[in-house]
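>>> From the sequence below, what's the structure:
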Amino acid sequence: MTHLLRRTVLVGLAGALLLALGLTVLERPAKAAAPYTAYLMAHFTGESANGEQIYFATSTDGLHWTDLNSSLPVLTSSIGELGVRDPAIVRAPSGDRFYLIATDLRIAAGKGWDVAQHDGSTSLVVWESPDLVTWSAPRLVNVAGTIPDAGCAWAPEAIYDPASGDYVVYWATISPRNGVDKARIYYSRTRDFRTFTAAQLYIDRPGTQGIIDTQILEIPGSVGGYRYIRASGDGQITIEGSNQILTGWTRLGDISHLGYTGAQVEGPILHQYNGRDEWGLWVDQYAAGRGYLPLTTTNLAAPSGYRVRAASEYALGAGRKRHGSIIGITQAQLTALQAKWGGPASAGTRRLQSVNFPDRYLRHSNFDVRIDPNVSPLADSQWRIVPGLADPAGVSLESSNFPGWYLRHYDYDFVLAKYDGTATFRGDATFRRVAGLADSSAASFQSYNFPDRYIRHSNYLLRLDPISTATGRADATFRITS
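From the prediction side, this is the model:
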């Protein structure tokens, strides 16, 4: 028997002996994971035509955010109610699998809030991904179907439970119980986000007080004396601590001393800032329609120390950000996300140079659009040429320095306007790029919804006109430069 063979046999026998004695065979430690250096936020934007879908934004400091995919959805639901809200991204403990769960709801369809609460979907929508870039098709899981007279399943979240080796998935359901019809938090367990245990009651506030959303964050090192911190929308934004996921919760306070209660804010996000003992609590200012507001602290267990960040200290990007979630990501993951859906608006920008006035470039000025020489600031004349909002075979022109704002015609005039999610906007902001009408080596832009008209300048102002003359063809021709 060779030395190598004898060593292999001995190792195998030793492992078998350890297993027989009920001991664990220790594996070689895995290669250290790359540190988190950036952040990913998943969110929805509101009740517009496309607002109730999944949007992504990234950040390198956790306070200043850049929309991906030109402020358009990255995932859309084709099942259930054809809309999703309140997305939560869940990372598997192995780090090689992600789940995205969301409320199956589309208020924009016109069903109304009362129907949505009391006769809505009892399912969640689930996607999964190995890398945050490639996502499965969405699927429905009916988590609340066994709850008597359940009216909905809203604001799902999930946390891995190392004690049981599975995930605790929790959400809000409105249903009658003990003579009181209100929102309560229920939970179920799953290992694969396909098969779930029967729903069980998790959080029930006293009396008629409902609880519409909650999020739990595990605290490394139990900073503040608790392994888990929970933030809940229950009339306040209540902060609680526990050393177990399902039991032992202690009320620590709320954020009413900062001027915010459940009447103003909802959808709390808890997350840790990368590489330091600092945490964020983001709250959705739904009552004012302003989207998220960040609070920060070095001790989540002490709400009196939370600080509201000033408006000058953070930026949310172009799209409004509502009830979602934030996770830390690696530099490689940030690079992959930006490669898939576009990075900062300054990346890949182009200028459109007039063919017959080559010292002039297409630019916006006070949200009007024209051609000018010596453009200052230069970013006013820089555009991202992105897939058409109405037809990906076409193009749309997104402002470099106003991400989420697009070149759009209105009564055949042109303006720079913020994308509002409507079909009319998408049509007005979409063009077919064709060979230049005056120079085939350049480009002209044919209107998507008025195909007999083209973008052209007239007296240096941009218009959408039919083109029938040599002057018109020259006015409608542009060189795309860097």
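
>>> shouldn't Tyr314 be in contact with Leu63?
Yes. With contact defined as C-beta atoms under 8 Å, Tyr314 counts as touching Leu63 (4.1 Å). Every residue, glycine included, has its C-beta placed from N, CA and C.

>>> Neighbour count for the two, which is higher?
A direct count of neighbours by other C-beta atoms under 10 Å for Tyr314 and Leu63 places Tyr314 higher, at 19 against 16.

>>> Return the residues in contact with the more buried one.
Applying C-beta atoms under 8 Å, 6 or more residues apart in numbering, one finds that Tyr314 lies in contact with 63-64, 294.

>>> How about Ser188?
Contacts here follow C-beta under 8 Å, 6+ apart; on that basis Ser188 touches 143, 168-170, 196-200.

>>> List only buried entries from the residues you listed.
Buried residues within the contacts of Ser188, counting neighbours by 16 or more other C-beta atoms under 10 Å: 143, 168-170, 196, 199.

>>> I'd like these as CSV, with distance to Ser396 and pLDDT appended.
CSV is the format used below for the buried ones among the contacts of Ser188 (distance: C-beta to C-beta, whole Å; pLDDT from 0 to 100):
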residue, distance to Ser396, pLDDT
Val143, 38, 98
Val168, 42, 98
Val169, 38, 98
Tyr170, 40, 98
Phe196, 41, 98
Ala199, 44, 98
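
>>> can I get those residues in TSV with secondary structure?
Listed next are the buried ones among the contacts of Ser188 as TSV, based on DSSP: H, G, I helix; E, B strand; the rest coil:
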residue	secondary structure
Val143	coil
Val168	strand
Val169	strand
Tyr170	strand
Phe196	strand
Ala199	coil
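
>>> which residues are common contacts for Tyr314 and Leu63?
With contacts defined as C-beta under 8 Å, 6+ apart, the residues shared by Tyr314 and Leu63 are Pro294.

>>> how about the helices of the stretch 151-300 of the chain, start to end?
In the stretch 151-300 of the chain, no helices are defined using DSSP state H, counting those that start in this stretch.

>>> can you tell me how far the nearest residue to Phe367 once chain neighbours are set aside sits from Asp368?
Of all residues not flanking Phe367 in the chain, Leu416 sits nearest, at 4.7 Å (C-beta to C-beta, 6 or more residues apart in numbering). Taking C-beta to C-beta, to the nearest Å as the measure, Leu416 and Asp368 are separated by 8 Å.

>>> more crowded one of those two?
Shown here are Leu416 and Asp368; by other C-beta under 10 Å, Leu416 has more neighbours (20 against 13).

>>> and the more buried one, backbone torsions?
Here is the backbone geometry of Leu416 (degrees, to the nearest 10): phi -100, psi 120.

>>> partner residues bridging it?
In this structure, Leu416 has beta-bridge partners Leu407, where bridges are defined by DSSP bridges.

>>> For it, give me its contacts.
By C-beta under 8 Å, 6+ apart, Leu416 lies in contact with 364, 367-369, 399, 402, 405-408.

>>> among the residues you listed, which ones are buried?
Among those, the ones that count as buried by 16+ other C-beta under 10 Å are 364, 369, 399, 402, 405-408.

>>> Tabulate these (a markdown table), appending distance to Gly427 and pLDDT.
Formatted as a markdown table, the buried ones among the contacts of Leu416 follow (distance: C-beta to C-beta, whole Å; pLDDT from 0 to 100):
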| residue | distance to Gly427 | pLDDT |
| --- | --- | --- |
| His364 | 20 | 96 |
| Val369 | 17 | 97 |
| Ser399 | 19 | 90 |
| Phe402 | 20 | 86 |
| Trp405 | 17 | 91 |
| Tyr406 | 12 | 94 |
| Leu407 | 13 | 97 |
| Arg408 | 9 | 97 |
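
>>> Can you report phi and psi for Ser399?
Note on Ser399: its backbone torsions stand at phi -60, psi 140 [degrees, to the nearest 10].

>>> Apart from its neighbours in sequence, what residue is nearest it?
In space, and not counting its chain neighbours, Ser399 is closest to Trp405: 4.6 Å by C-beta to C-beta, 6+ apart.

>>> show me the contacts for the one you found.
By C-beta under 8 Å, 6+ apart, the contact list for Trp405 reads 318, 398-399, 416-419.

>>> nearest to Gly151, of these?
Nearest to Gly151, judged by C-beta to C-beta, of these is Tyr419 at 33.0 Å.

>>> can you pull out the strands in the stretch 201-350 of the chain?
Defined through DSSP state E, counting those that start in this stretch, the strands belonging to the stretch 201-350 of the chain, from first to last, are 213-218, 228-233, 237-242, 250-253, 266-272, 279-284, 292-297, 307-308, 322-329.

>>> With respect to Ala49, which of those lies nearest?
Nearest of the strands of the stretch 201-350 of the chain to Ala49, taken as C-beta to C-beta: strand 322-329 at 15.3 Å.

>>> circling back: what is the nearest of the contacts of Tyr314 to Ser440?
The shortest separation between Ser440 and any of the contacts of Tyr314 is 42.6 Å, and it belongs to His64 (by C-beta to C-beta).

>>> quick one: that closest one from Tyr55, how far?
Going from His64 to Tyr55 by C-beta to C-beta gives 17 Å.

>>> who's more crowded, those two?
Regarding His64 and Tyr55, a neighbour count based on other C-beta under 10 Å identifies Tyr55 as having more, with 26 against 13.

>>> report the angle between the axes of whichever strand or helix holds the more buried one and strand 322-329?
Counting by DSSP states H and E, the element that carries Tyr55 is strand 55-59. Orientation note: strand 55-59 sits at an angle of 50 degrees relative to strand 322-329 (axes from the mean of the first three to the mean of the last three C-alpha atoms, to 10 degrees).

>>> Can you give me every residue that contacts the closest residue to Val283 other than its chain neighbours?
If the residues on either side of it in the chain are set aside, Val283 comes closest to Val265, at 3.8 Å by C-beta to C-beta, 6+ apart. Under the criterion of C-beta under 8 Å, 6+ apart, the neighbours of Val265 are 233, 237, 283-287, 293.

>>> Among these, which one lies nearest to Thr134?
Nearest to Thr134 among the contacts of Val265, counting by C-beta to C-beta, is Asp284 at 28.6 Å.

>>> Report how many residues lie close to Gly280.
Using other C-beta under 10 Å, Gly280 has 23 neighbouring residues.
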